[in-house]
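Colleague: Dropping a prediction and its sequence here:
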Amino acid sequence: MNLEAVIEHREALETSEARDYQALAPFERLMRWWSLYPEHVLAVSLAAELKTGCHWPLLSAWGLDAEAQRTLLELFEHRGWLEEKTLVTRTRHCRQCRSVHLNYVDVCPRCRHLDLKPLDGLHCFACGHVDRMDRFTQHDQLSCPKCRVRLRHIGVDYDRPLESLACGKCDLWLVEGEVEAQCLDCGQTQQPGELVQQRIASLQLNAEGRIAVAAPDRASVSTPLPGQRVVPSDLHHMLDLLVPLARRHSHRHLLMVLSHDRDDEHGLLEGMAQRLGSLLRDTDLVCEYTAQQWLFLLPHTPRERFEDVALRIQSLTDLKHLDGQLNMSLEMHELPSEHHRGKASQWLPNLLVDTATPIMGSV
């Protein structure tokens, strides 16, 4: 036996395994971690410097930012695999940018201005008139502006009502202002009831989650593609969650459809999907929807980025080199629109068969 050849082969294998592990999507990496340690708790740590207000140290060690960590854990939560171990706190986040950095201020209920100043008031016992203290002061003496009675002794002639405020813009006199939350990151102003509430807790697998990681569904978990590989039913479920939220909070998602019109070229289509997959983020979704269609869902991708995505795809795939081999097309759809209502299992097939306006046409 040639020991040098064995050692070289083993080192090459270990290098390949390490490279493959680093390339795994975070979803599968977390699945594998919990398959090895199903009883372990995913600890959470508060972090005031982050927009999310917290992070999970294990996921941070894998290089995931706080937003990607939240998205990853939501995938597990949507499948019903997680349960809270210890609730640390509850946080409120900006509805637009999801930042936890909020400033609560009192504003005038009439003009919505925040220039409110403390103001003392007086109550005249003789006529019952209540007004600002400066309107009772005349020639360095206190007298009622309504009944003209001189006010000498507090508790006998007059008293002080509750502390009040005065608006510096519209001069409104009020007992208390209305509270608004101002996001310190994006500047969005909103009512406290409009903030997004989140529970910050350490997490662990429940009984269903332990079964899932012990015998994972390879059709929906393992994939050579970057991003999260999902089956059509999971894609429908994610769209049912993302589209209504996008409509409520004015978000935009990008749905890319890679398709061809021949059944005997599935390998070439999958190869093209592999090349497109290198552009995906860890939180993007990949789905082999039919034998002739691959779908790529890129959450939080606004329309102004569509052209940039199209140019990157064109330079990467070099579709012109495939001319004559396969009638392949790549189309982009902005979500949501007025046509994307109801269950995704109903409107998505209609979207795929309707004629769409492609940003990059057929090859």
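Modeller: Looks like it arrived, so ask away. Numbering: from 1, shown residues only.

Colleague: all helices of the stretch 151-300 of the chain, in order?
Modeller: 207-214, 232-249, 266-277 (DSSP state H, counting those that start in this stretch).

Colleague: Spatially central residue in the protein, please.
Modeller: Closest to where the C-alpha atoms of the chain average out (Cα atoms, centre = their mean) is residue 98, at 6.3 Å.

Colleague: From residue 27, how far off is residue 310?
Modeller: 27 Å (Cβ to Cβ, to the nearest Å). Where you see a C-beta, it was placed from the backbone N, CA and C, and this is true even at glycine.

Colleague: With residue 343 instead?
Modeller: 24 Å.

Colleague: Who has more neighbours out of those two?
Modeller: Counting neighbours by other Cβ atoms under 10 Å for residue 343 and for residue 27 shows that residue 27 has the greater number, 21 against 11.

Colleague: any weak-confidence spans in the chain?
Modeller: Scanning the chain for pLDDT under 70 picks out the ranges 1-3, 5-24, 162-163, 173, 175, 216-227, 261-279, 311-328, 354-363.

Colleague: Quick check, residue 124 in contact with residue 154.
Modeller: No. When contacts are counted by Cβ atoms under 8 Å, residue 124 is not listed as touching residue 154 (11.5 Å).

Colleague: Do you have the strands of the stretch 1-150 of the chain handy? List them.
Modeller: 45-46, 54-55, 82-93, 102-107, 116-119, 121-124, 130-132, 137-138, 141-142 (DSSP state E, counting those that start in this stretch).

Colleague: Direction-wise, compare the third one with helix 207-214 and give the angle.
Modeller: Regarding strand 82-93 and helix 207-214, their directions subtend 110 degrees when assessed with axes from the mean of the first three to the mean of the last three Cα atoms, to 10 degrees.

Colleague: who's in contact with strand 82-93?
Modeller: 41, 44, 46, 52-54, 73, 76, 99-100, 102, 181, 192, 195-206, 209 (Cβ atoms under 8 Å, 6 or more residues apart in numbering).

Colleague: Now find how far off-centre it is within its chain.
Modeller: Centroid displacement of strand 82-93 relative to its chain, using Cα atoms, centre = their mean, to the nearest Å, is 16 Å.

Colleague: could you check the angle strand 102-107 makes with that strand?
Modeller: 40 degrees.

Colleague: what are the pairing partners of strand 82-93, and which direction each?
Modeller: Note on strand 82-93: by DSSP bridges, its sheet partners are strand 196-205 (antiparallel).

Colleague: Put the alpha carbons of the strand it pairs with into PDB.
Modeller: Taking C-alpha atoms only, strand 196-205 is exported to PDB below (Å, rounded to 0.1, in the frame of the first residue of the first chain):
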ATOM      1  CA  VAL A 196     -44.300  44.900  15.200                       C
ATOM      2  CA  GLN A 197     -43.900  42.900  18.400                       C
ATOM      3  CA  GLN A 198     -41.500  40.000  18.700                       C
ATOM      4  CA  ARG A 199     -40.700  37.600  21.400                       C
ATOM      5  CA  ILE A 200     -37.000  37.100  22.200                       C
ATOM      6  CA  ALA A 201     -36.300  33.700  23.500                       C
ATOM      7  CA  SER A 202     -33.900  30.800  23.500                       C
ATOM      8  CA  LEU A 203     -35.100  28.000  21.200                       C
ATOM      9  CA  GLN A 204     -35.100  24.300  21.100                       C
ATOM     10  CA  LEU A 205     -36.600  21.500  18.900                       C
END
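
Colleague: contact partners of that strand?
Modeller: Defining contact as Cβ under 8 Å, 6+ apart, one finds that strand 196-205 is touched by 34, 38-44, 46, 53-54, 56, 73, 76, 81-95, 98, 213.

Colleague: swap in stretch 140-154?
Modeller: 122, 124, 126, 127, 129, 131, 135, 136, 138, 157, 158, 160.

Colleague: coming back round to it: could the strands of the stretch 1-150 of the chain be laid out in JSON lines, adding mean neighbour count and distance to residue 297?
Modeller: Putting these into JSON lines (neighbours: other Cβ atoms under 10 Å; distance: least, Cβ to Cβ, whole Å) gives the following:
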{"stretch": "strand 45-46", "mean neighbour count": "13", "distance to residue 297": "30"}
{"stretch": "strand 54-55", "mean neighbour count": "20", "distance to residue 297": "25"}
{"stretch": "strand 82-93", "mean neighbour count": "15", "distance to residue 297": "22"}
{"stretch": "strand 102-107", "mean neighbour count": "14", "distance to residue 297": "30"}
{"stretch": "strand 116-119", "mean neighbour count": "13", "distance to residue 297": "46"}
{"stretch": "strand 121-124", "mean neighbour count": "20", "distance to residue 297": "59"}
{"stretch": "strand 130-132", "mean neighbour count": "16", "distance to residue 297": "59"}
{"stretch": "strand 137-138", "mean neighbour count": "12", "distance to residue 297": "68"}
{"stretch": "strand 141-142", "mean neighbour count": "14", "distance to residue 297": "71"}
